[in-house]
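S.K.: Quick one, what's the 3D model for this:
(2 chains)
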2 protein chains.
Amino acid sequence: MIDLYTDEFFMSEALKQAQIGFEEGEVPVGAVIVCKDRIIAKAYNQTEKLTDATAHAEMIALTSASNYLGAKYLPECKLYVTLEPCTMCAGALFWSQIGELHFAAKDPTRGYCRVHPSLLHPKTVVKQGTLAEESGEILRLFFKKLRN
Amino acid sequence: MIDLYTDEFFMSEALKQAQIGFEEGEVPVGAVIVCKDRIIAKAYNQTEKLTDATAHAEMIALTSASNYLGAKYLPECKLYVTLEPCTMCAGALFWSQIGELHFAAKDPTRGYCRVHPSLLHPKTVVKQGTLAEESGEILRLFFKKLRN
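M.R.: Sure thing, here's the model as predicted:
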């Protein structure tokens, strides 16, 4: 049982999005955006379905949250994503001025931290590790299935 | 008179897009994507109109080109953009595996080169400088107008 409105709760919602992606044959990464304890956007990676290399979960969630709030900047929002954002998504988070970034599993190959943590906005608070094991496991499963 | 199918011709088409952005009150950056000497996507920055901090000219052009070709990867395409891409757009260009990136004006504040030129795909050929003066001038004009 996960308590409502905790980081673990919101990350478990992001993980549910990753699970949908898994079932649809996408690299399973999920994201949700939270504003005042309410989820205002949910997305999973859809690069295959949309035939669009930019259709990462974070990008779709950011556009969706901006649409919902009618605001370009999201300093009162928190993004929960199951994998460390890539440099593209970190750049998008910079422009959005997101208040908090929570990511679960690290991505040593394509994650933004490998390049420079300052890709994010200086005011963005970063937290890492919630449900990291589960978020990494679904990715390992996906790539194992892909190889077989 | 600009010869057809030259870098200058394609960049002048990108500049026309920037001009449309200027007239609509957007930061005037324009882009076109060329495949086999044919323009398959045109876009200008629309962050204001779409209320979306990720709606840079390059992002819109990439999504549009992928839709047109039905392909996630664009190694046979060239992107012409009037300003040096930011880290988000460079990350998107990485994922798209774009064949060539031509940018006009440099952006010492937000350009990807300031962070790391390797944000792009290693196979992407980069050319800089075509119509740099004109592309920079429209931006200077825009910000001058904004301040007044």
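
S.K.: What residues does chain A have near chain B?
M.R.: A:47-48, A:51-55, A:59, A:62-63, A:66-67, A:70-73, A:86-92, A:94-97, A:115-116, A:119 (Cβ under 8 Å from any Cβ of the partner chain). For every residue, glycine as well, the C-beta is placed using N, CA and C.

S.K.: Can you tell me which of the residues you listed are buried?
M.R.: For those, a burial check counting by 16 or more other Cβ atoms under 10 Å in any protein chain shown picks out A:47, A:51-55, A:59, A:62-63, A:66, A:71-73, A:86-92, A:94-97, A:115, A:119.

S.K.: A:Ile98 versus A:Pro75, what's the distance?
M.R.: Distance from A:Pro75 to A:Ile98, counting by Cβ to Cβ, to the nearest Å: 7 Å.

S.K.: Regarding A:Arg140, what is its secondary structure?
M.R.: Put simply, A:Arg140 is helix when judged by DSSP: H, G, I helix; E, B strand; the rest coil.

S.K.: show me where chain A has helices.
M.R.: Remark: helices assigned in chain A by DSSP state H are A:7-23, A:57-69, A:87-96, A:132-147.

S.K.: Could you identify which of the ones you listed is most buried?
M.R.: Ranked by mean neighbour count, these are led by helix A:87-96 with a mean of 27 (mean count of other Cβ atoms under 10 Å in any protein chain shown).

S.K.: Also compute the angle for it relative to helix B:87-96, please.
M.R.: Interaxial angle of helix A:87-96 relative to helix B:87-96 (axes from the mean of the first three to the mean of the last three Cα atoms, to 10 degrees): 160 degrees.

S.K.: Now helix A:87-96: average pLDDT?
M.R.: Mean per-residue pLDDT for helix A:87-96: 98.

S.K.: Repeat that for stretch A:109-123.
M.R.: 91.

S.K.: Buried residues, it. List them.
M.R.: Of all the residues in stretch A:109-123, those buried under the rule 16+ other Cβ under 10 Å are A:110-113, A:115, A:119-121.

S.K.: Kindly report the same for stretch A:39-52.
M.R.: A:39-47, A:50-52.

S.K.: Serialize those residues to TSV and add fields for pLDDT.
M.R.: Shown next, in TSV, are the buried residues of stretch A:39-52 (pLDDT from 0 to 100):
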residue	pLDDT
A:Ile39	97
A:Ile40	98
A:Ala41	98
A:Lys42	98
A:Ala43	98
A:Tyr44	98
A:Asn45	98
A:Gln46	98
A:Thr47	98
A:Leu50	97
A:Thr51	97
A:Asp52	97
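
S.K.: returning to that earlier point: neighbour count winner among A:Pro75 and A:Ile98?
M.R.: Between A:Pro75 and A:Ile98, counted using other Cβ atoms under 10 Å in any protein chain shown, A:Ile98 has the larger neighbour count: 27 against 13.
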